[in-house]
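In: have a look at this fold, sequence not included:
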């Protein structure tokens, strides 16, 4: 949800235009923009308040050379190393078949003994496998999901098969470029205040009639990334969610204050902000907030159709994506 994959050519052009050597991706999410910045030669600081995006960034941005071997993959997809069954017991009947849930437990019995970037690659591959197998890629839907079956091969592959394919994808993505890449997993307001040449901002969009709670949508991936160690599962909820993380971007009442704080914090960096025409605040409000801190603000408008929506003709998926550049 919110991945900028389709917008990468426009972002690449913007980053090339503004130039520089150091970049902060403050809401890294899927990690594709951090990966792009690395490709463009920036020293990248990737941050997200959720934990699993940090593991993705460790595996694909910070990692320069390490890959999973065929032996690593065979071990993770082979017989379990212990008798753990937490995932099977906790999520039975919610998302996956018993066999798929047993595989996740078995995979973690091996991943738990791994360290460094091999562990990051394994966890990132496991999370991507789980996302690809889940219809629409979000974890707010459960039970009988047959009406979401559109014939995709992803929905018919087992999680074991997915893991093998996703591990190959991550291995292929590893490359060496730049230096000094780093990852943090904190709320943006808690980031250490320092200057970057470019700060890319892609905060949760606030829709007029919905919420932007990423924890609700991706709680399973968040828990899976650490085998729910230290987590408090909301057992009374249908999908066994994790508690919501409340920030100034969580509410239409506080989001403008959140933007003002953000622009002030990074006022001495070039700001590149992604936002959508179907979200609040609107274009003119964001322009006004940016101009409190930047004399030169450019807006690039990109027609865009979101991957997520209730059906293929959902008009709310068709929007203009705004790219604000404040120098």
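Out: All right, it came through fine. Predicted, not measured: the structure shown is a model, and the values here were computed from it.
In: where do the helices sit along the stretch 1-150 of the chain?
Out: 8-18, 32-39, 52-57, 70-76, 86-90, 98-111, 116-133 (DSSP state H, counting those that start in this stretch).
In: tabulate the ones you listed (a markdown table), appending distance to residue 146.
Out: In short, each C-beta sits where N, CA and C put it, glycine included. Formatted as a markdown table, the helices of the stretch 1-150 of the chain follow (distance: least, Cβ to Cβ, whole Å):
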| stretch | distance to residue 146 |
| --- | --- |
| helix 8-18 | 34 |
| helix 32-39 | 31 |
| helix 52-57 | 27 |
| helix 70-76 | 29 |
| helix 86-90 | 21 |
| helix 98-111 | 16 |
| helix 116-133 | 14 |
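In: quick one: which of those is nearest residue 174?
Out: helix 116-133 (7.9 Å; Cβ to Cβ).
In: just to revisit the earlier point, deepest-packed of the helices of the stretch 1-150 of the chain, please.
Out: Mean neighbours per residue, mean count of other Cβ atoms under 10 Å, is largest over the helices of the stretch 1-150 of the chain for helix 52-57, with a mean of 26.
In: residues in contact with that helix?
Out: The set of residues external to helix 52-57 that reach it, using Cβ atoms under 8 Å, 6 or more residues apart in numbering, is 28-31, 34, 46-48, 120, 123-124, 127, 183-185, 218, 221-222, 224-225.
In: show me the shaky parts of the protein.
Out: The model of the chain has pLDDT under 70 over residues 1-2, 306-317.
In: repeat that with 50
Out: Along the chain, segments meeting pLDDT under 50 span 308-311, 313-314, 316.
In: ranges for the strands of it?
Out: 22-25, 43-47, 182-184, 198-201, 270-276, 297-305, 318-326 (DSSP state E).
In: ok, residue 6 to residue 261 distance?
Out: 29 Å (Cβ to Cβ, to the nearest Å).
In: repeat that for residue 274.
Out: Taken as Cβ to Cβ, the span from residue 274 to residue 261 is 18 Å.
In: higher neighbour count, those two?
Out: Of the pair residue 274 and residue 261, residue 274 is the one with more neighbours under other Cβ atoms under 10 Å, namely 22 against 14.
In: spit out the contact partners of that one.
Out: Contact partners of residue 274, counting by Cβ under 8 Å, 6+ apart, are 4, 7, 11, 200, 201, 202, 321, 322, 323.
In: give the contact list for the nearest residue to the first one once chain neighbours are set aside.
Out: Think residue 4. Distances taken as Cβ to Cβ, 6 or more residues apart in numbering put residue 33 closest to residue 4, at 5.4 Å, once the chain neighbours are dropped. The contact partners of residue 33, by Cβ under 8 Å, 6+ apart, come to 4, 8, 11, 25, 200, 202.
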